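K.L.:
Sequence plus the predicted model coming up.
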Amino acid sequence: MASAKRDIRHIIDSFSDDLILIAQDIAREQVERAVVEWQAKNEKLLAKKSVQDEKAARLDEKARRNQMALERIERVAEKRRAREEKKAAERALRLEQRLISDSAEKPEKKPGRGRRSGLLADGAAKKEPTPPPLFVHKRRRDGEIQQLKREEVADTVPKAAASNGASSVAPGVPEQLTLGL
């Protein structure tokens, strides 16, 4: 009897194992069928989702590249600012050194009390002012620019009269104007 009970229990256990395997197969088939039906219904939605995922990935990549470019631009600008600050500091240092060297080389001179300083100051004040420079230029045919020189008015009248052979030139008119230069 014990052997019959054992055999029955063994048959029941193997039957229950077989039922469990059959139930799992049926459940798997139904799940697969449901997934296929859902995918068929939502194919457009899945395609749209995959397109959105691709767009999001592209946007993320573009944002990352833009961020890297922005960081690179900021680094370049920082280097440029540092270089300009360094140049400004060097210029200020050179200016300071120049001022120090100028003051060390040339001690301040006190005005003299002798005759020379008085005579030089008076002589410089009595000099006649020079006429302003002549800003008229003449261009030669080869392209060279010739500076025209100012002549005294008294000297130009006799030259103009002598060159024309008559006194048709108005007195006091420079020769260059009469020649059309």
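P.N.:
That came through, no problem.
K.L.:
so what does the helix or strand that contains R81 touch, helix or strand wise?
P.N.:
Taking DSSP states H and E as the definition, R81 sits inside helix 43-105. Contact partners of helix 43-105 among helices and strands, from 3 or more Cβ pairs under 8 Å, 6 or more residues apart in numbering; DSSP states H and E: none. In this view, the C-beta of every residue, glycine as well, is placed from N, C-alpha and C.
K.L.:
a strand runs through D142, doesn't it?
P.N.:
No: going by DSSP: H, G, I helix; E, B strand; the rest coil, the assignment for D142 is coil, not a strand.
K.L.:
Point out where the protein drops to low pLDDT.
P.N.:
Across the chain, the stretches falling below the confidence threshold (pLDDT under 70) are 105-126, 131-137, 148-181.
K.L.:
cutoff 80 now
P.N.:
Per-residue confidence of the chain (counting by pLDDT under 80) places the weak regions at 1, 46, 103-140, 143, 145-181.
K.L.:
Who does I145 form a beta bridge with?
P.N.:
Beta-bridge partners recorded for I145 (DSSP bridges): R139.
K.L.:
okay, now it: neighbour count?
P.N.:
Using other Cβ atoms under 10 Å as the criterion, I145 is surrounded by 8 other residues.
K.L.:
distance of it from L93?
P.N.:
In this structure, I145 lies at 42 Å from L93, with Cβ to Cβ, to the nearest Å as the measure.
K.L.:
Same question for R81.
P.N.:
Using Cβ to Cβ, we find R81 at a distance of 18 Å from L93.
K.L.:
Need the CA coordinates for stretch 75-95. PDB is fine.
P.N.:
C-alpha atoms of stretch 75-95 as PDB (Å, rounded to 0.1, in the frame of the first residue of the first chain):
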ATOM      1  CA  ARG A  75      38.600  80.000 -23.200                       C
ATOM      2  CA  VAL A  76      39.900  82.000 -26.200                       C
ATOM      3  CA  ALA A  77      38.300  85.200 -24.800                       C
ATOM      4  CA  GLU A  78      39.800  84.600 -21.400                       C
ATOM      5  CA  LYS A  79      43.300  84.000 -22.900                       C
ATOM      6  CA  ARG A  80      42.900  87.200 -25.000                       C
ATOM      7  CA  ARG A  81      41.900  89.200 -21.900                       C
ATOM      8  CA  ALA A  82      44.800  87.800 -19.900                       C
ATOM      9  CA  ARG A  83      47.200  88.600 -22.800                       C
ATOM     10  CA  GLU A  84      45.800  92.200 -23.000                       C
ATOM     11  CA  GLU A  85      46.100  92.600 -19.200                       C
ATOM     12  CA  LYS A  86      49.700  91.300 -19.300                       C
ATOM     13  CA  LYS A  87      50.500  93.700 -22.200                       C
ATOM     14  CA  ALA A  88      48.900  96.600 -20.200                       C
ATOM     15  CA  ALA A  89      50.900  95.700 -17.100                       C
ATOM     16  CA  GLU A  90      54.100  95.500 -19.100                       C
ATOM     17  CA  ARG A  91      53.400  98.900 -20.700                       C
ATOM     18  CA  ALA A  92      52.700 100.400 -17.300                       C
ATOM     19  CA  LEU A  93      55.900  98.900 -16.000                       C
ATOM     20  CA  ARG A  94      57.900 100.300 -18.900                       C
ATOM     21  CA  LEU A  95      56.300 103.700 -18.500                       C
END
